Each structure stands twice: as C-alpha cells, then as structure tokens.
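[1] Here is a sequence with its predicted model. Questions after.
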Amino acid sequence: MPHLHTSTERCKLPRVFWESIAQLGLDPSLIEQHAQLPPDLHLNESTFVSTQQLFAVWNAIEALSADPAFAIKMVRDTPSAKHKMAFITALYAADYRDGLARLARLQRLCSPDKLSMVERQNTVSFTIQWPSGTGPAPYLSVEACFALVLELGRRGTGKHITPMSLSLRRPKPPLETHSDYFACPINCGASHDEMILSASDLDRPFLQHNAQVLHMMSPGLDAALRAIEAPVGFCEQVIEIFKRTLANGRPSLQHLARELLQSERTLQRRLASEGTTFNALLNEARRQVGLQLLADTSLELKEVAYLLGYDDVNSYYRAFRQVEKVTPSQWRRSFNT
C-alpha cells in the first residue's frame, strides 16, 4: 500500500513564521536549501508541508543558526500583531485557560503537533504529541511550543507567569537564555518534554478579551481548519514530492516509487487508475513552482530553468509556452505591471 499523508501529518507555514526567522538574521532561502525543500516555500503560504519536512526546517534552523535558543527568541521577540493567527486569536480569550484551548485548537493551522494539557490538583502539565511514526521532534520545535504557551499567558494577563518546572530531552545543560526566559528549574536530558505550571494561573483574566472579535474571526478560522484537515489526494501528494525534489534534477519514476514505498509497476498502475501520468503530474509541479519563481524578479530565467530541473533554458521556454501560451519573459512582465 502506498504511504499517503493523512490530514494530521501536514500543515502550512505562514509568512509570519519566516519573517520571525528573518528578523533574527537567518535567510529563509538558506533554510529551504539545507532542508531540501522548494526554494519558494517561504513565499507561498498555500503550500502544504509534511511533518518530516517541518522537522527538516527546524533542524536546518538550529544547524544554520548554531543557536539552541533560536526558537525562544523567535517567540519572545515577535510583536503580538506579527505572531501566527492562532496566537493572535487566543489573546482575545476570556482568560488563560480559554486562550490555551483556542491556541491548541488553532495550532493545527501551522503545525501537526497537538498540545496536551492535563490538570492534576494544583498543577497543569503541558506535553506535545506528534503524529505516529514521525520520530523524535527537533529540540527547537518543542521549545517554540512551550515558549508560545508561556508567552500567551504573559502577554494575555500582563503578568510574568513562570513555570514550576521544565523537562527537556535536549542533552546539554540549559543556556542562559533558557534559564532567563523560563525562570524555573530545568531538567535537561529528560526522557520526555514537559512543562508544569500552577493551575491557579489558568484562571487569570486576559486584558484584551473581546467576545465580538472572536465571533467575527471564527468563520474564517473554522474554514481554514476544515481545509487543512481534508484528506490528501494521491495526485496532490505526488505533486508535492516533485516540488521538493525539482532542484535536484528531473525526478525519476524510481525515485517517486521509493518515496511512496511501492514498486514502480504498482505506481504506474495507480497513476493509470487516477487517469493521469508521471509526466502530467511533473509538469503540473513545474508549473506551480515555476510561476512562484518567475514572480521573483531577482532570479534570472536560466536560474528558474535550473531550479525546475530542466537541462537548458530552451527546453524550459518550449514547455512553458506550450502550457501558458506566452514566454516566461512575457509572463513575468505582465505579472509585474
């Protein structure tokens, strides 16, 4: 059976995510290159990424920044208005408990993880659950989530809420930024990631509570959740595989079969049953990525051709004109006028 991404294994990375990275001096293009993802991912909010691709992004951030506290700084230094929509919405909640419930629900819009919150007498425990089979989560992704939980409480209540304790799988002793930000005992090298707060903090009211704003925002957010939780089709998944491998050259049937965990013969039968072909889906992937690349006028056309896996510019010109009925240069001029 082919491995199809389920709705719980994908998400979209909003532009504010990339902007918060850039404001700390890290180029999103370098992250995409390091993670072997489409070079226009940071420009296209509509592109789905799998859990493994998201992990690759976080691992690339830590590798390129060489800063174990990078995720904390992303959350801490981003103004509320420039945070992701889940965070902004949660700030209008009635209290910290209500805000956390909204954050946990809307988190699915930009990450496949599930924030688990368990109250026990006077404490509340926060852990993070990822889709099965994804392997250990990158340290930065965990710390970003815990920092987001804490930042929501601090900005929402106007109080400097601090955890009672923090356990991290990260093996090294806590850095100064970790200690200063969380301001609690930190146990590194733990068996699992967990943050514990006082349950009494959950009842603290939020200063910006606005039921009317929440009511106005709900329909759009509900629609976005339905869209991201919709089943992923076979053809859509194939196109996404092509889009992230184009820059490495023309994808092969063998490579695609390996990505889908099936034989080449089984793959060919599946393509036929879907009423499509390998080349048709490859061309659609090239079309989607190509239009995004063409919109970036800093790229020369030969660079666009290379990033799309064409052997030369002429081959790219012919293929583009056959589909779009204009040349790449003509399309670019019309797009930018």
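    Sure, I can see it. Because the structure is a prediction, the values reported are computed rather than measured. Numbering: from 1, shown residues only.
[2] Give the closest residue to residue 115 in space, chain neighbours not counted.
    Ranked by Cβ to Cβ, 6 or more residues apart in numbering and with sequence neighbours excluded, the top spatial neighbour of residue 115 is residue 104, at 4.3 Å. Using the backbone N, CA and C atoms, a C-beta is placed for each residue, glycine as well.
[3] Near that neighbour, how many other residues are there?
    Residue 104 is flanked by 18 other residues according to other Cβ atoms under 10 Å.
[4] Relative to residue 148, how far out is it?
    In this structure, residue 104 and residue 148 are separated by 11 Å, where distance is defined by Cβ to Cβ, to the nearest Å.
[5] what's around residue 208, how many residues?
    Neighbours of residue 208 (other Cβ under 10 Å): 14.
[6] residues in contact with it?
    For residue 208, the contacting residues are 91, 92, 156, by Cβ atoms under 8 Å, 6 or more residues apart in numbering.
[7] how about 6 Å then?
    91, 92 (Cβ atoms under 6 Å, 6 or more residues apart in numbering).
[8] That one: which element?
    With secondary structure defined by DSSP states H and E, residue 208 is part of neither a helix nor a strand.
[9] for residue 118, same thing?
    For residue 118, the enclosing helix or strand under DSSP H and E is strand 114-120.
[10] Can you point out the buried residues in stretch 148-163?
    Along stretch 148-163, these residues count as buried under the neighbour rule (16 or more other Cβ atoms under 10 Å): 148, 149, 150, 151, 152, 153, 155, 156, 157, 161, 162, 163.
[11] Quick check: mean pLDDT of that stretch?
    Stretch 148-163 carries an average pLDDT of 97.
[12] what does that stretch contact?
    Taking Cβ under 6 Å, 6+ apart as the criterion, the residues outside stretch 148-163 that touch it are 75, 80, 90-91, 96, 99, 103, 126, 182-184, 195, 197, 201, 204, 206-207.
[13] same thing but 7 Å
    Outside of stretch 148-163, the residues within contact range by Cβ atoms under 7 Å, 6 or more residues apart in numbering are 75-76, 80, 87, 90-91, 96, 99-100, 103, 126, 182-184, 195-197, 201, 204, 206-207.
[14] Having no further points to raise, I will conclude here.
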